[in-house]
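**Q** Fold the stuff below for me.
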Amino acid sequence: MECKEPINTKKETSVGCGLCGKWAHQVCSKLKDAEVTALNKKVGLRWFCTHCEELESTIHKKLNEVYVIVADNKKRIGEVDEKVDKVSEKVDAVDKKAEDALDKVDKVADRATTMVDIVDKMDDKVTKVDEKVDRFEAMVKKLEEKVENNKKEDIIAESRASVFLELRERENRKENIVLHGIKEPGTTVTRGEDRKNFDIGSALEIFEYIGCKLKPEDVRFCFRAGEKSKTANDNPRPLIIGLLDIKQRENILANSRKLGEKESVYYNVSIIPDLTPIQRKEESDLRAEADKKNSLMTAEESSNYEWVLVGQRGKRKMIKRQKMFQGHKQAQTASQRGGTRKRGRPVESETVSPPSTRPHQRQRY
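**A** Reported below is the predicted structural model:
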């Protein structure tokens, strides 16, 4: 709803939208005199134009969906808590020694204190994310002002919600790393806590090997991605680790190339950022675009140039570079065998040596 005639606020009664700030005649807004008077007197009472009212309805609908998801997660957490309580009761019944019971209480108290600290830090991070979302909303509003006389309100609203979710997901993963090739605990390690400590110990040992010494307290969480297969020893699941300090993550990623050195006992291990599905698709699309550009080059051009992806995963760019001569290429190939091979999970365009021809990883049991 827009007023086509100009508004004289001194002679005509008008109202302003509480969201977009546009003004309208009282007649155009279809408000009664009493309603206009109430808007002028009561603090906090606002009137929305038709466009903003529809936008607000869409936002409330999305928020209600989020509330439903949160309530479902709380219910699941409650069920898990009940199972944990039952297991704790069985453990307490078996363990009759008072000293052991006191030790467990102390450990639980320490973990509770650590969790409180983690929650406080997460609150700070959420606040920063909200600030970024507010700035992004301002950018979206400016773009919407440029889109006139069209019927894309629903598409814009859905796109904005998707962007917000992706921003939050990237924010949640920005301190995470994914380790591939780390052997899983043996079958003799059955307790979940022991398996977790085994994985953390393995990761810390690898970090120290590349010059990044961390403590168990620096690890925010640690878990294996996916279901464990019968061939877990041959095909271990990726290990996802969340750190408390993003500087530690960047330092680990920067030094991860040391794992590929010829003398490395962790040659089969790779460390990559924890990317969202959208980031992985963007990188896959970028790689496909590079392959397409290479296929479209003339024979003469392709003999001298090539399109390649460079940079850290999640931040890669596509560039056109000059191909090296055969002698330089052989030298670089030999150098890559010694410590500059591509890291991260293999993709179709990457050449990966068979496991039987590569050094064995040192096992920890």
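**Q** Can you show me the strands along the stretch 101-250 of the chain?
**A** Secondary structure of the stretch 101-250 of the chain (DSSP state E, counting those that start in this stretch): strands located at 176-180, 219-224, 239-243.
**Q** possible to save the ones you listed as CSV with distance to residue 274, mean pLDDT and mean neighbour count?
**A** All C-beta spots, glycine's among them, are computed from the backbone N, C-alpha and C. Rendered in CSV, the data for those read as follows (distance: least, CB to CB, whole Å; pLDDT from 0 to 100; neighbours: other CB atoms under 10 Å):
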stretch, distance to residue 274, mean pLDDT, mean neighbour count
strand 176-180, 4, 94, 20
strand 219-224, 11, 94, 16
strand 239-243, 6, 95, 21
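**Q** For the nearest residue to residue 297 once chain neighbours are set aside, list each beta-bridge partner.
**A** Nearest non-adjacent residue to residue 297, counting by CB to CB, 6 or more residues apart in numbering: residue 305, 7.0 Å away. Beta-bridge pairing for residue 305 (DSSP bridges): residue 322.
**Q** Next one: residue 305 from residue 152, what distance?
**A** 40 Å (CB to CB, to the nearest Å).
**Q** Neighbour count: the two, which is higher?
**A** Between residue 305 and residue 152, residue 305 has the larger neighbour count (other CB atoms under 10 Å), namely 15 against 10.
**Q** Could I get the full set of helices for this protein?
**A** Taking DSSP state H as the test, the helices found in the chain are 26-29, 33-41, 50-94, 98-146, 153-173, 192-209, 246-255, 277-296, 299-302, 326-335.
**Q** Among these, which comes closest to residue 182?
**A** helix 192-209 (5.4 Å; CB to CB).
**Q** Just the mean pLDDT for the closest one, thanks.
**A** Averaging pLDDT along helix 192-209 gives 94.
**Q** again, but for stretch 257-272
**A** Stretch 257-272 comes out with an average pLDDT of 87.
**Q** so how far is that stretch off the chain centroid?
**A** Relative to its chain's centre, stretch 257-272 lies at 25 Å (CA atoms, centre = their mean, to the nearest Å).
**Q** Enumerate the positions of it that are buried.
**A** 257-261, 264, 266-272 (16 or more other CB atoms under 10 Å).
**Q** Now for these: which two are most distant?
**A** It's 261 and 272 that sit farthest apart of the buried residues of stretch 257-272, by CB to CB, at 17.5 Å.
**Q** one step back: turn the buried residues of stretch 257-272 into CSV, including distance to residue 240.
**A** Shown next, in CSV, are the buried residues of stretch 257-272 (distance: CB to CB, whole Å):
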residue, distance to residue 240
257, 20
258, 21
259, 17
260, 21
261, 25
264, 22
266, 18
267, 21
268, 18
269, 14
270, 13
271, 11
272, 11
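**Q** Residue 117: which of the residues you listed is nearest?
**A** residue 271 (25.9 Å).
**Q** so the closest one sits right up against residue 259, yeah?
**A** Yes - using CB atoms under 8 Å, residue 271 is in contact with residue 259, at 7.0 Å.
**Q** follow-up on the earlier one: format the helices of the chain as TSV; extra columns: distance to residue 319 and mean neighbour count.
**A** Listed next are these as TSV, based on distance: least, CB to CB, whole Å; neighbours: other CB atoms under 10 Å:
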stretch	distance to residue 319	mean neighbour count
helix 26-29	55	17
helix 33-41	58	12
helix 50-94	39	11
helix 98-146	28	11
helix 153-173	24	15
helix 192-209	31	17
helix 246-255	20	16
helix 277-296	9	13
helix 299-302	15	10
helix 326-335	17	10
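**Q** Output those as JSON lines; include the columns distance to residue 229.
**A** Formatted as JSON lines, the helices of the chain follow (distance: least, CB to CB, whole Å):
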{"stretch": "helix 26-29", "distance to residue 229": "64"}
{"stretch": "helix 33-41", "distance to residue 229": "64"}
{"stretch": "helix 50-94", "distance to residue 229": "24"}
{"stretch": "helix 98-146", "distance to residue 229": "31"}
{"stretch": "helix 153-173", "distance to residue 229": "25"}
{"stretch": "helix 192-209", "distance to residue 229": "15"}
{"stretch": "helix 246-255", "distance to residue 229": "27"}
{"stretch": "helix 277-296", "distance to residue 229": "22"}
{"stretch": "helix 299-302", "distance to residue 229": "41"}
{"stretch": "helix 326-335", "distance to residue 229": "34"}
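**Q** Lowest average pLDDT across those helices?
**A** When those are compared by mean pLDDT, helix 326-335 comes last with a mean of 46.
**Q** per the record, what domains does this protein have?
**A** Domains of the chain are assigned by automatic domain parsing as 1-67, 95-173, 176-273, 277-357.
**Q** Phi and psi next, for the closest residue to residue 198 other than its chain neighbours.
**A** Nearest residue to residue 198, sequence neighbours excluded (CB to CB, 6+ apart): residue 185, at 4.3 Å. Dihedral pair for residue 185: phi -60, psi 150, per degrees, to the nearest 10.
**Q** And residue 104, how far from residue 80?
**A** Distance, residue 104 to residue 80, by CB to CB: 19 Å.
**Q** just residue 312 next, same as before
**A** 36 Å.
**Q** rewinding a little: so the residue nearest to residue 198 touches residue 194, yeah?
**A** Yes - with contacts counted by CB under 8 Å, residue 185 reaches residue 194, the gap being 7.3 Å.
**Q** circling back to that earlier point, now the domains of the chain in JSON lines, please, with extra columns for distance to residue 87.
**A** What follows is these, written out as JSON lines (distance: least, CB to CB, whole Å):
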{"stretch": "domain 1-67", "distance to residue 87": "31"}
{"stretch": "domain 95-173", "distance to residue 87": "12"}
{"stretch": "domain 176-273", "distance to residue 87": "10"}
{"stretch": "domain 277-357", "distance to residue 87": "34"}
